[in-house]
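Asks: Pasting the sequence and the predicted model now:
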Amino acid sequence: MPSYIMLMKWTQAGIQQIKDDAQRIERLRNILTSVNGDLKALYFTFGSYDKVVVAEAPSDEAMGKALLMLGSFGTVSVETLKAFPEKEGLEIIKELP
């Protein structure tokens with residue numbers, strides 16, 4: 001299943017409702033489950049981003065749907081990266097002409 005790295009920043013609304021973050025994480029978990037995905041790891045960070053999430057989804061379309069659902073709440077902005085496991089990345093490199 002494809003992996004995705006989600007770099008999250010709280011919006012003003014998100015920081016004003018920060019005490020609800022545990023429920024928002026559970027909502028994210030449920031959104032990913034609804035598209036047959038999975039939340040693999042979540043880290044709170046400081047610096048340019050407030051959270052980093054590692055997730056899986058069956059397709060880019062499924063992840064896109066999950067991100068749109070998440071974004072509709074207005075509490076977090078997300079930059080998403082599609083991630084390739086080391087072995088898969090090296091296979092791609094090996095196939096270069």
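Replies: Here it is on my side, so go on.
Asks: And the next helix or strand past the lengthiest helix in the chain?
Replies: Using DSSP state H to define each element, the chain has its longest helix at helix 21-34. Counting by DSSP states H and E, the element after helix 21-34 in chain order, helix or strand, is strand 38-44.
Asks: List the strands paired with that next one, with their directions.
Replies: When pairs are called by DSSP bridges, strand 38-44 turns out to pair with strand 51-56 (antiparallel).
Asks: What are the buried residues along the strand it pairs with?
Replies: By neighbour count with 16 or more other CB atoms under 10 Å, strand 51-56 contains the buried residues 51, 53, 55-56. C-beta: built from backbone N, CA, C; applies to glycine.
Asks: nearest to Ala66, of these?
Replies: Ala55 (7.9 Å; CB to CB).
Asks: State the distance from that closest one to Met8.
Replies: Ala55 sits 11 Å away from Met8, going by CB to CB, to the nearest Å.
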